[in-house]
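S.K.: Just to be clear, the model below is a prediction. Sequence and coordinates:
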Amino acid sequence: MGTLHNKSLDFYLTPEHDCSYLPSQQAVTLFADPSVCIDTDLYSELIQFGFRRSGTHVYRPRCPMCDACIPIRIAADDFKPSRGQRRVWKRNQDLDVVILPAEYNDEHFQLYRQYMHSRHEGGGMDNPDPEKYSEFLLNPYIDSHLVEFRHQGKLLAVASVDILNNALSAVYTFFDPNESARSLGGLAILWQIDHAKQQDIEHIYLGYWIKQCQKMVYKSKYRPFEVFQEGYWQTVSN
């Protein structure tokens with residue numbers, strides 16, 4: 001049991017289960033009490049201790065023999081884009097960006113289906129339905145938004161972003177797999193960093209950095225970044 005934001009909050013450990021990131025590994029997850037409606041203020045505290053959300057569930061890895069999942073965030077004012085990141089930003093100046101409330105949108109869902117089919121074909125995640133999509137991305141208790149990226153009216157990408165107390169949290173980004181030359185996933189992060197700077201927001205949380213998982217390596221390309229290890233945030237610049 002812990003106390004955060006003047007609230008007593010219970011946490012529960014799951015039994016061991018297959019790790020989603022490292023093959024042949026077993027994982028254990030620590031969940032905040034799912035019966036508690038975790039709002040923006042409370043989640044703003046929990047994320048500072050390495051927690052993330054999936055829908056309304058708030059969790060963090062708690063594997064007894066593994067610490068590969070490292071919470072990572074970017075300090076907006078310290079970020080220095082690489083040459084490649086500057087090229088991505090310049091390449092996409094022809095896109096229109098619109099910030100919308102986090103509500104179900106069928107056009108978004110169809111793009112999500114296309115993205116999942118391309119990235120997870122045959123893996124059990126490539127045929128989502130609207131209910132599973134909503135359960136994964138939407139949360140009525142947190143100040144959350146969906147950021148659209150369009151070219152001449154055509155929807156190319158959507159980024160799910162939580163607006164926390166002096167922080168943004170990058171929940172998930174999905175995009176048109178036929179537009180790989182635009183590096184839309186990277187663009188979504190660069191946009192969030194730029195938006196945070198404009199709004200005087202201090203940090204952008206990117207979830208977990210897993211060095212051994214190729215799909216998660218990209219998070220360490222936004223430098224300098226900070227990692228949560230041994231109970232506090234540490235800056236990594238090299």
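M.R.: Structure received.
S.K.: Let me know whether V161 touches H145 as I believe.
M.R.: Yes - with contact defined as Cβ atoms under 8 Å, V161 counts as touching H145 (5.3 Å). Backbone N, C-alpha and C define where each C-beta goes, glycine included.
S.K.: gap between the longest strand belonging to the chain and the chain center?
M.R.: Ranked by residue count and defined by DSSP state E, the top strand of the chain is strand 154-164. Remark: strand 154-164 is offset 10 Å from the chain centroid, using Cα atoms, centre = their mean, to the nearest Å.
S.K.: so what's V161 up against?
M.R.: V161 makes contacts with 144-147, 168-171, 192, as judged by Cβ atoms under 8 Å, 6 or more residues apart in numbering.
S.K.: now, which of the residues you listed lie within helices?
M.R.: Of those, the ones assigned to helices by DSSP state H are Q192.
S.K.: separation between the residue with the shortest distance to the centre of the chain and R87?
M.R.: In the chain, the centroid-proximal residue (Cα atoms, centre = their mean) is V171; its distance is 2.8 Å. For V171, the distance to R87 equals 26 Å [Cβ to Cβ, to the nearest Å].
S.K.: Please apply the same query to A102.
M.R.: Taken as Cβ to Cβ, the span from A102 to R87 is 30 Å.
S.K.: Which residue is the nearest non-sequential neighbour of the residue nearest to the centre of the chain?
M.R.: Nearest residue to V171 in three dimensions, chain neighbours excluded: S160, at 3.9 Å (Cβ to Cβ, 6 or more residues apart in numbering).
S.K.: For the one you found, the count of nearby residues, please.
M.R.: The number of residues packed near S160 is 22, by other Cβ atoms under 10 Å.
S.K.: That one pairs with what?
M.R.: L146, Y172 (DSSP bridges).
S.K.: That one and D67, how far apart?
M.R.: 27 Å.
S.K.: just H108 next, same as before
M.R.: For H108 relative to D67 (Cβ to Cβ), the value is 35 Å.
S.K.: In terms of neighbours, single out the busier of those two.
M.R.: Taking other Cβ under 10 Å, H108 and D67 do not tie; H108 has more neighbours (19 against 11).
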